[in-house]
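**Q** Fold the stuff below for me.
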Amino acid sequence: MSDLISLTVPPRPVAVTRIALGFATLLVALEGAVILLHIAEGRMAVPVPGPWLGADDLGIAPLLLSAVAGVGLVVGIRPGWCAALIVVTESLVLLADQQLYSNHRILLLLVCAGMVFARADAALAPGASSRPDAVPWWPQLLMLAAVSSCYLFAGLSKINPEWWSGSQLDGLRWIELSGTQLHVLAAATILTEIAISIGLWLPRVRLAAIVLGLGLHTSIALVMPAPFVFVGFALLCVSVYPLALTRPALAVETAPT
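**A** Numbering: from 1, shown residues only. You can find the predicted model right below:
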């Protein structure tokens, strides 16, 4: 464990992750702000307000702060503090009302929790030349684990009769599919998500897993309704791909056989 904590890597990959995560934060914050405005205007009900603060009281201030922090991540200004602010504001949003819950909001919170400690301003940021030329690996491990777990559970959760029936894939934009084609697409989605979750960790196939992931997210954004939401989620997932590509070999992988 101590070797894992002391392991360092070059700073550029996590800096690329930081930038993509910043743009994803802007999209997720915008989506949440739209929902909050609809609630305030009475266009949406408020089914389960939080015990201390409901969506009516919350307003869009936390999401504005989250968006500002997202800009900070993109630019590289105090990314650790910006990531911490996103964790706090997104937690407030999640606790305020059930309608504000989303899987990508949870994923944003988890990835930003790792970004807090990632030293992501050591490259592609103002003053980067005066900072260390190596950053700790363990925060990147947490971020990669969060995204790969998301893929895994997304795939496993789809192993149910409703998904296998293809009904949840019906109504795709621009494409008309038969029942058999929907079954095939449903099965392919499950296999793809599980394959990505595992492949990101295997050096020999991680590039193939990344190509699969890019194809999956691109196709989802193109053919599914509400593409704006899926673009934000895609950016969240794709943001950690550089960390998978440049992951250092762990002791178990280099041990003699």
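**Q** contacting residues for the residue lying closest to T246 once chain neighbours are set aside?
**A** What sits nearest to T246 in space, not counting adjacent residues and going by Cβ to Cβ, 6 or more residues apart in numbering, is P13, at 4.5 Å. For the C-beta atoms, the positions are set from N, CA and C on the backbone; glycine is no exception. Applying Cβ atoms under 8 Å, 6 or more residues apart in numbering, we find P13 in contact with 140, 242-243, 245-246.
**Q** Just the buried residues of the stretch of helix or strand P13 belongs to, please?
**A** Following DSSP states H and E, one finds P13 within helix 12-40. By 16 or more other Cβ atoms under 10 Å, the buried positions in helix 12-40 come out as 12-33, 35-36, 39.
**Q** List buried residues within the contacts of P13.
**A** For the contacts of P13, a burial check counting by 16+ other Cβ under 10 Å picks out 140, 242-243, 246.
**Q** Of those residues, which belong to helices?
**A** 140, 242-243 (DSSP state H).
**Q** Relative to V75, which of those residues is nearest.
**A** Relative to V75, the closest of those is P242; by Cβ to Cβ it sits at 18.2 Å.
**Q** Leaving out chain neighbours, which residue sits closest to the closest one?
**A** P13 (4.0 Å).
**Q** Tell me where the model's unsure across this protein.
**A** Residues of the chain meeting the criterion pLDDT under 70: 1-2, 45-58, 173, 250-257.
**Q** Helices along the stretch 151-257 of the chain, start to end?
**A** Taking DSSP state H, counting those that start in this stretch to define them, one finds helices in the stretch 151-257 of the chain at 161-164, 179-199, 206-223, 227-238, 241-245, 251-254.
**Q** Need these in TSV (columns: distance to A69).
**A** Compiled in TSV, the helices of the stretch 151-257 of the chain are given as follows (distance: least, Cβ to Cβ, whole Å):
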stretch	distance to A69
helix 161-164	35
helix 179-199	28
helix 206-223	24
helix 227-238	15
helix 241-245	20
helix 251-254	35
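**Q** hmm, back to that, so how far is the helix holding P13 off the chain centroid?
**A** 10 Å (Cα atoms, centre = their mean, to the nearest Å).
**Q** got it, and stretch 108-121?
**A** On Cα atoms, centre = their mean, the centre of stretch 108-121 falls 11 Å from that of its chain.
**Q** Start and end of that stretch, how far apart?
**A** This stretch, stretch 108-121, spans 19 Å end to end (Cα to Cα, to the nearest Å).
**Q** Identify all contacting residues around that stretch.
**A** Contacts of stretch 108-121 (Cβ under 8 Å, 6+ apart): 11, 14-15, 17-18, 21, 24-25, 28, 73, 76-80, 83-84, 86-87, 90-91, 94, 127-128, 131-132, 135-136, 138-143, 146-147, 236, 239-240.
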